[in-house]
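[1] Sequence first, predicted coordinates after that:
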Amino acid sequence: MPRIRELGIYESQLPPGSLNSITDVVGVAVGHFTLIEGEGAWTGSGPFRTGVTVILPHQGNLYEEKVVTAVHTINGFGKVAGFEQVRELGNIETPIALTSTLNVPRVADALMTIAIEQNPHIGLGFAATGRQGYASVNPVVGETSDGFLSDMQARPIGLVEVRAALAAATMGSVAEGVVGAGTGTSCYGWKGGIGTASRVLPERGHHFTIGALVQSNFGRPEELTIAGVPVGLHLQPPPSQRVEDGSIMIILATDAPLDVRQLGRLCQRAAFGLARTGSTCHGGSGDFVIAFSTANRMPDRPEKMVVGRTAVYEQPIMSLFSLAVIEAVEESIYNSLLMAHTVVGRDGNTRHALPVEDVVKIMRAYGRK
């Protein structure tokens, strides 16, 4: 299963990083836990085609060293957790987790358990250190529905599975397609999943990187557009398979010293990358963006005011960053489709892989070489 660049039908204005992945942002790691279990009819405890994906901004204690973060809701039909505090405080203090819709509370609880293990003062106060105040923790979890292929009611993803995803987290190449939170998802009527891409921006001696990772689960077959070509008008999945509006989670990472407001601007640009692939953001979709910078860490309860560096000559650099976000999100979605294989789920429900040879043939007919 090739990524889109390997097919010779897609070009970008900005160059990708060495891995063309969100992990091109130094320190960022991604881990998956994939659950594929059971066959045939729904039982109430399977079959399962689901999982969890975790994104770690750095390898330290995220609660003690938070990172600047912004969130954005393109369309709010979803069950994300932790967004309101991120909007208020502009940081995250746990890894970001992606999973299936009804698993969100269990995954959030798992992140809280792990955070408390690492930071025993959470919920108890700082008596041992002589500092004032009580600490809570804000787990950040995103979701899309995998109910067409998996038994969502059973909610099989919890603490054990989140620990496994964290243990598997790597700063190297990221597995894409039918893996982790993308195991049971669909995209434009085909099998969707996890996809990632990155862009490098040389700017006045600085070489900043922006990476994207998506959990794709949205779109109707006729809408699919690849590099400007209306592929969905010429290529349809087998009939009689349910296609719903669906959702997408988009994660953005950068090593540029951007503040919360600037990261918020990048979040909003992600919608343009989504639209390039054909999405019209249906009313029944949950489309969410999380963007963080690894440049400045924010100590928990600092002893004195900490001043970090930020990008000050904003407009020229933000124009490039916007293009980087749009291209990385677009390419991530293509990779989530092309790297996915056909999956048969509960009750025989099937989501077919996007046929690569047919896609290339259509693209060639439109002059893409």
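    Noted; the coordinates are in hand.

[2] just checking, T73 is part of a strand?
    Yes: using DSSP: H, G, I helix; E, B strand; the rest coil, the assignment for T73 is a strand.

[3] So it versus F83, what's the distance?
    For T73, the distance to F83 equals 7 Å [CB to CB, to the nearest Å]. Every residue, glycine included, has its C-beta placed from N, CA and C.

[4] what bits of the stretch 51-200 of the chain have low per-residue confidence?
    Residues of the stretch 51-200 of the chain meeting the criterion pLDDT under 70: 126-134.

[5] before we move on, the earlier item: out of T73 and F83, which sits in the busier spot?
    It is F83, of T73 and F83, that has more neighbours when counted by other CB atoms under 10 Å, with 19 against 15.

[6] check contacts around the more buried one.
    Taking CB atoms under 8 Å, 6 or more residues apart in numbering, we find F83 in contact with V71, T73, V140, F288.

[7] Would you reformat the residues you listed as a markdown table and include distance to N119?
    A markdown table is the format used below for the contacts of F83 (distance: CB to CB, whole Å):
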| residue | distance to N119 |
| --- | --- |
| V71 | 23 |
| T73 | 29 |
| V140 | 16 |
| F288 | 26 |
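
[8] thinking again about what came up before, list the residues that contact both of T73 and F83?
    Common neighbours of T73 and F83 (CB under 8 Å, 6+ apart) are F288.

[9] what is the mean pLDDT for the lengthiest helix in the chain?
    In the chain, assigned by DSSP state H, the helix with the most residues is helix 314-338. The average of the pLDDT scores along helix 314-338 is 93.

[10] The contacts of F83: which two are farthest apart?
    Longest distance between any two of these is 13.6 Å, between T73 and V140; criterion CB to CB.

[11] Flag every buried residue along the longest helix of the chain.
    Going by neighbour count (16 or more other CB atoms under 10 Å), the buried part of helix 314-338 is 317-318, 320-338.

[12] Stretch 37-57 now?
    38, 42, 46-57.

[13] Then stretch 168-177?
    A168, A169, M171, V174, A175, E176, G177.

[14] Let me see the ranges of the strands in the stretch 51-200 of the chain.
    For the stretch 51-200 of the chain, the strands defined by DSSP state E, counting those that start in this stretch occupy 65-76, 91-92, 96-100, 140-144, 186-187, 190-191, 194-203.

[15] just the helices in the stretch 1-150 of the chain please.
    All helices of the stretch 1-150 of the chain, identified by DSSP state H, counting those that start in this stretch, fall at 83-89, 104-118.

[16] Quick one, which of these gets closest to S247.
    helix 104-118 (12.2 Å).

[17] what angle sits between the closest one and strand 140-144?
    150 degrees (axes from the mean of the first three to the mean of the last three CA atoms, to 10 degrees).
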